[in-house]
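Engineer: Turn this into a structure:
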Amino acid sequence: MSKIIARANERLDEGRNILLGQAAPPAGSQPGGTAGYQAGWYVLGALGLYTLLDQATAYIISVIGPDFSASLGISPSTYTMLASQRQTLVGVTALQFANLFYTRNRRATLSNNFGFQYGPSLVLASLITWAPGMSFAIGSSGTGAAVVHAAHRPMLMDAYPAGRRLRVLSYHGMAGVLGLLGSAVVVTAASSALGLSWRGMLAGFGILFTFASLIGLRLRDPGRGKFDSDRIAALMHDDGVETPVRTGDPTEMTFWEAVRRVWMIPTVRRLLGVWAVLGVAVSPVVTYQGFWLQDEFGLTTDQRGYFYAGTWVLALPALWLVASRGTKVWRADPGRLVRLTAYVLAAMALGLLLAIVPVLGVSFVGFSLVFAGEAAALAILSLILMTLVRPRQRPIVTSLAALFFGLVGGEGGAILLSGLASSYSNAVAIGVLAVPALGAAILLARTAPHLSKDLDAVVLDVLEDEGVSSMAALGKHEVPLLACRGIDFSYGQLQVLHKVDFTVRDGEMIGLLGVNGAGKSSLLKVISGIGLPSSGSVRLEGRDITYLDAERRVRMGVTQISGGRAVFGPLTVADNLRGMGYTLGRDRRRLDAAIDECFDAFPALAQCRNRNAVTLSGGEQQMLAMSKAFMLKPRLLLIDELSLGLAPIVVDRLLGMVRRINQAGTAVVLVEQSISVALHVVSHAYFMEKGEVRFDGAAEELRGRDDLLRAVFLGAGARTGSEA
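Structural biologist: Model (predicted):
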């Protein structure tokens, strides 16, 4: 395992170059644009059309706000809450789509299906005469927007090489802006030239969008990871040995385990916070803009349409600048791109203040800054988020972004603005949003220093996984039963484990020693799945189990026995054993046979099988806890403080049981403060102090380390003195 890690570290820079697009593009590609790659222009064109329809739908819903509220007799605040249901549905359903895409790769199919939903949704909205019904019609169009977040951007990441992704995501954003601009022109023409009411506009757009969606019928999924993870994994096969190169992401995590894994990435958590604050700042302003323009300047529907369309024009050159200059900055220094994006968000805060100046030209400039900054920032943040996770997890992270932006931020902003607008004015409500915009800028600037570390973690994860998989495929025996690498673990802000490496071979008996507070029990929590590390990995026979649920690890053969806390006191001995054997399933005969085996191993338990566990002695309770290992027959048994509070004769008897379990083929990790007890049975020992491994070697060698042993004895003496 150490050879795999060393080899992965040697290839870290190469892998990072691939991830950032600094490495040479794949053979057959062309140096510019997107043409020449396997996806060509069609994937971007089809997905761009769908996002065009999505943004056009969002625009239409916002621009008819004053007319709709007047027609149905509802207040601007109420309409804002109704319109926000679209964002709510985006946040609620995006994660459900991500679940579907994680388990079944149906991104292209659902992108096509929901691309057709925009048209019927608008036609339905044109027929509604009841406000709650309009809420349903508006919300139903949000399912298509949810697919944009959960499917479009991850598909673009998979369809094009890393060096072109920011360019492609910017073009995708431009398509949305063109949807806003185009729909604004058509809305204005329909309102002024044709005299259509808001109902007529909704119906007309619905029919037009339905036919436009036909262009995406040939869309196919590009697959996952061929331009990044697969190329990085191939770096582990440059030694001339013919080994099967794995394709795609091999993780076997369930969906919610994958969500937890994504959430544990520090930069991802910070960026999702930025998305939430950004949602508060910009999501409600689109709806309130119409009311502000009507109240302050008396603009009609078509005038508001021209104004709104004009304020989005600046987003096109902003996205073009991101596509050209931003790509170069990303390749050279990702942290610098994050800092530049923070300045963009600060400019948005300024734009929100300018937007409420009662001068039409100044207000126009302010709204232009807001929308241009939003478009540029979302393209960059999407790229960063998706680069920080494995290809299979990209729909998860983009859906979480939609959830934080739309549901957490958008709904929160709508609630905030409804109160401010009712108590003060629409201008005050919009101006206050400069505060969360500036907060998002500050939060993003603080994220920049952490980005490089998390990018390296993605590369090392791929390399290590590929190295272990290749060794297993070749039948090599270097892969240990358990391998913990670089484990960091914290309780809140208190870090208790620091870069811990820990290895257990099949059938080995390991002693994990150290004083109280050294981090021994915390390391067992990480191994058994009770605690999640902030960094590092845990592998069982080469399989990454770092973020798997604890109950799944039990089924995989990892069992932990906690000293003094491993029994259910109110239950009888027999009921304790039945509870411990839940992983054996519903096979009653197998469970009964396992219980009988425990009673054969521990005759003292057989005599008190009907007594409550709380009435047992300390030694008998520990025997009952040890029975768990006899029943489950784990591959790896973790025992925390076996001798805690027990008489020497009882400890000797329990150690005999540990040897018997080990001789049956179970690897054992024995956590002990008693050096004499541990070194009496183990062949290999680790010594921990202050969350770090200070010794790793044969047990006999540890006996000669007086500096370490003295720390244990002094610690024990200090405890004894304090207790006295």
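Engineer: For R555, give me its contacts.
Structural biologist: Contacts for R555 were tallied using Cβ atoms under 8 Å, 6 or more residues apart in numbering; they are T583. Heads up, the C-betas are built off the backbone N, CA and C, glycines and all.
Engineer: Next, it: secondary structure please.
Structural biologist: helix (DSSP: H, G, I helix; E, B strand; the rest coil).
Engineer: go on, G486?
Structural biologist: strand.
Engineer: got a pLDDT number for the residue nearest to it when sequence neighbours are not counted?
Structural biologist: Among residues not flanking G486 along the chain, G536 sits closest, at 4.0 Å (Cβ to Cβ, 6 or more residues apart in numbering). Per-residue pLDDT puts G536 at 88.
Engineer: What of the one 4 residues further on?
Structural biologist: Among the per-residue scores, L540 holds a pLDDT of 90.
Engineer: mind checking the backbone torsions on it?
Structural biologist: L540 adopts backbone torsions of phi -110, psi 110, taken as degrees, to the nearest 10.
Engineer: when you give positions from now on, start the count at 41
Structural biologist: In the new count, where the first residue is 41, that last one comes out as L580.
Engineer: need the strands for the chain, in chain order.
Structural biologist: Counting by DSSP state E, the chain has these strands, from start to end: 522-531, 534-544, 549-553, 575-580, 583-584, 598-602, 676-680, 707-712, 724-729, 732-738.
Engineer: Mark out where each domain of the protein begins and ends.
Structural biologist: Domain ranges of the chain: 66-501, 522-763, per automatic domain parsing.
Engineer: Quickly note the distance from the residue nearest to G526 to V613.
Structural biologist: Distance, G576 to V613, by Cβ to Cβ, to the nearest Å: 39 Å.
Engineer: ok, these two, which is more surrounded?
Structural biologist: More crowded of G576 and V613, by other Cβ atoms under 10 Å: V613, with 29 against 19.
Engineer: For the more buried one, list the residues it contacts.
Structural biologist: By Cβ under 8 Å, 6+ apart, the contact set of V613 is L645, C648, R649, N650, R651, A653, L656, L664.
Engineer: cool, and Q329?
Structural biologist: By Cβ under 8 Å, 6+ apart, the residues touching Q329 are S102, Y348, A395, F407, I470.
Engineer: okay, now the last one: neighbour count?
Structural biologist: The criterion is other Cβ under 10 Å. On that basis, I470 has 26 neighbouring residues.
Engineer: now the third one
Structural biologist: A395 is surrounded by 26 other residues when neighbours are defined as other Cβ under 10 Å.
Engineer: Likewise for the second one?
Structural biologist: Y348 has 25 neighbours, counted by other Cβ under 10 Å.
Engineer: ok so, going back, just among the contacts of V613, which is most surrounded?
Structural biologist: Of those, with other Cβ under 10 Å as the count, L645 tops at 25 neighbours.
Engineer: can I assume that residue is in contact with F639?
Structural biologist: Yes. Contact between L645 and F639 holds when scored by Cβ atoms under 8 Å: they sit 5.9 Å apart.
Engineer: Could I get the average pLDDT for stretch 415-435?
Structural biologist: The average of the pLDDT scores along stretch 415-435 is 94.
Engineer: cool, and stretch 615-628?
Structural biologist: The model assigns stretch 615-628 a mean pLDDT of 76.
Engineer: Tell me which residues of that stretch come out buried.
Structural biologist: Of the residues in stretch 615-628, N616, L617, R618, M620, G621, L624 count as buried by neighbour count, 16 or more other Cβ atoms under 10 Å.
Engineer: What distance do you get for the fifth one to R630?
Structural biologist: Noted for G621: a distance of 8 Å to R630, by Cβ to Cβ.
Engineer: low-scoring stretches of the stretch 241-390 of the chain, by residue?
Structural biologist: 278-291, 327, 341-342, 345 (pLDDT under 70).
Engineer: can you give me the helices in it?
Structural biologist: 269-273, 295-303, 306-322, 325-337, 341-353, 355-361, 367-372, 374-395 (DSSP state H, counting those that start in this stretch).
Engineer: can I get the domains of the chain in a markdown table with distance to N57?
Structural biologist: Conversion of the domains of the chain to a markdown table gives the following (distance: least, Cβ to Cβ, whole Å):
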| stretch | distance to N57 |
| --- | --- |
| domain 66-501 | 9 |
| domain 522-763 | 22 |
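Engineer: I'd like to know which of the ones you listed lies nearest to N49.
Structural biologist: With Cβ to Cβ as the measure, domain 66-501 is the member of the domains of the chain nearest N49 (7.4 Å).
Engineer: Any idea how many residues pack against the residue lying closest to V690 once chain neighbours are set aside?
Structural biologist: Take V690 and drop its neighbours on the chain: the residue closest to it by Cβ to Cβ, 6+ apart is G659, 3.6 Å away. G659 has 17 neighbours, counted by other Cβ under 10 Å.
Engineer: what sits against G659?
Structural biologist: L686, A687, V690, R693, L694.
Engineer: Can you get me a residue count around the second one?
Structural biologist: Residues lying near A687 (other Cβ under 10 Å) number 12.
Engineer: Quick check: the residue nearest to it when sequence neighbours are not counted vs W81, distance?
Structural biologist: Sequence neighbours aside, G659 is the residue nearest to A687 in space, at 7.0 Å (criterion: Cβ to Cβ, 6+ apart). According to Cβ to Cβ, G659 stands 74 Å off from W81.
Engineer: now do V132
Structural biologist: Relative to W81, and taking Cβ to Cβ, V132 is found at 33 Å.
Engineer: ok, how many other residues are close to A190?
Structural biologist: 32.
Engineer: pretty sure it is touching S439, no?
Structural biologist: Yes. Taking Cβ under 8 Å as the definition, A190 is a contact partner of S439 at 4.7 Å.
Engineer: which residues are in contact with both of these two?
Structural biologist: Jointly contacting A190 and S439 under the rule Cβ under 8 Å, 6+ apart are A134, L135, F137, A138.
Engineer: Contact partners for the first one?
Structural biologist: By Cβ under 8 Å, 6+ apart, the contact set of A134 is A186, H189, A190, T438, S439, A442, L443, G446.
Engineer: Give me the buried positions along the helix ranked longest in the chain.
Structural biologist: If you go by DSSP state H, the chain has its longest helix at helix 474-513. Within helix 474-513, the residues that qualify as buried are 474, 476-481, 483-485, 487-488, 490-491, 494-511, counting by 16+ other Cβ under 10 Å.
Engineer: Could you pull up the mean pLDDT of that helix?
Structural biologist: The average pLDDT for helix 474-513 rounds to 85.
Engineer: That helix - contacts with which helices or strands?
Structural biologist: helix 42-50, helix 52-60, helix 269-273, helix 306-322, helix 374-395, helix 400-427, strand 575-580 (3 or more Cβ pairs under 8 Å, 6 or more residues apart in numbering; DSSP states H and E).
Engineer: any chance of the ones you listed in CSV, plus distance to R745?
Structural biologist: What follows is the helices and strands packed on helix 474-513, written out as CSV (distance: least, Cβ to Cβ, whole Å):
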stretch, distance to R745
helix 42-50, 22
helix 52-60, 33
helix 269-273, 40
helix 306-322, 36
helix 374-395, 42
helix 400-427, 45
strand 575-580, 26
